[in-house]
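1. okay, structure incoming, though there's no sequence with it:
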């Protein structure tokens, strides 16, 4: 019974999608530590990340419950179908954010000071589709906080490389979220919701997504120079560039059938590839 409920909660917050931002947090952590920090720091970074992501996603599901119920694509989600109750999601969010706060206190004072800002961003994002087409970018900012937070967790201060990597994550996430949001174009327009596809049209939105991803790759190349990385890191960047190219080739305004593959499946590989090649570069070539 307990395992079944945990599985349900995991599906509710799409726990498997942790692969999106966690690898970037790990990269930032290793750059900040110039290798691997202590196991204690690694543990609390992991607790903070999982707590933040779970709490934010649970809150988003609750806030979007009524919208999800109207959308045929999301009507079968746990809250609209009544599989999970509102109070359960509230409790899950409170527990998750409490774990995030505990981790911050265990790490350093700056992590604690930035806690309110992180939670505010999580809450604000969940409402953005109701008033701004920049919702994709706000989501990117929320996810981009992962590498910045990991750097702070290790050093106790904000580092320029972590901000650049945070910008990479912001552009990367916003880019594939635009692709994902294209499939809801008709629904969003009908309901008066905001998104880049609704504001600029699907064709222009996909072009904006492409530009975001090109800039993200250029920033990764910039990080190659300022972090004095080796050929393994650069190889990972090249592979990711190829993956993102494929991502944009398999979707078009006239064919959105591969949106889920482009938005989720490919991008889960993108983050893992970059982490593996970066970790190998740091641990084997230095």
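-> Right, received. Where do you want to start? As the structure is a prediction and not an experimental result, all values here were calculated from the model.
2. what part of this protein, helix or strand, is modelled with the least confidence?
-> Here the helix or strand of the chain ranked lowest by mean pLDDT, DSSP states H and E is helix 2-12, holding a mean of 74.
3. list the contacts of the following helix or strand past it.
-> Next helix or strand after helix 2-12 toward the C-terminus (DSSP states H and E): helix 22-33. Defining contact as Cβ atoms under 8 Å, 6 or more residues apart in numbering, one finds that helix 22-33 is touched by 36-37, 41-42, 45, 49, 146-151, 153-155, 159, 161-162, 165, 168-169, 227, 271-272, 274-275, 278-279, 282. Where C-beta positions appear, they are placed from N, C-alpha and C, glycine not excepted.
4. where along the stretch 51-200 of the chain do the helices fall?
-> Taking DSSP state H, counting those that start in this stretch, the helices of the stretch 51-200 of the chain run over residues 65-70, 78-81, 86-107, 109-113, 115-128, 135-155, 160-181, 185-191, 196-200.
5. among these, which is the most enclosed?
-> Compared across these, helix 135-155 shows the largest average neighbour count, a mean of 25 (mean count of other Cβ atoms under 10 Å).
6. I'd like the mean pLDDT over it, please.
-> Averaging pLDDT along helix 135-155 yields 97.
7. which elements pack onto that helix?
-> For helix 135-155, the elements it packs on are helix 22-33, helix 39-63, helix 109-113, helix 115-128, helix 160-181, judged by 3 or more Cβ pairs under 8 Å, 6 or more residues apart in numbering; DSSP states H and E.
8. how about the secondary structure of residue 228?
-> Three-state call for residue 228 (DSSP: H, G, I helix; E, B strand; the rest coil): coil.
9. that one: neighbouring residues, count only.
-> Neighbour count of residue 228, defined by other Cβ atoms under 10 Å: 8.
10. how far away is it from residue 205?
-> 37 Å (Cβ to Cβ, to the nearest Å).
11. do residue 224 as well
-> Residue 224 sits at a distance of 29 Å from residue 205 (criterion: Cβ to Cβ).
12. neighbour-wise, which of the two wins?
-> residue 205 (23 against 18).
13. what about the closest residue to that one other than its chain neighbours, distance to residue 223?
-> Sequence neighbours aside, residue 197 is the residue nearest to residue 205 in space, at 4.1 Å (criterion: Cβ to Cβ, 6 or more residues apart in numbering). Residue 197 sits 30 Å away from residue 223, taking Cβ to Cβ as the criterion.
14. could you check the pLDDT of the residue lying closest to residue 172 once chain neighbours are set aside?
-> Spatial nearest neighbour of residue 172, excluding adjacent residues (Cβ to Cβ, 6+ apart): residue 216 at 4.7 Å. You'll see residue 216 listed with a pLDDT of 99.
15. quick one: residue 216 and residue 112, what's the gap?
-> Separation of residue 216 from residue 112 (Cβ to Cβ): 30 Å.
16. repeat for residue 257
-> Residue 257 sits 46 Å away from residue 112, taking Cβ to Cβ as the criterion.
17. got phi/psi on residue 255?
-> When read as degrees, to the nearest 10, the backbone of residue 255 gives phi -140, psi 100.
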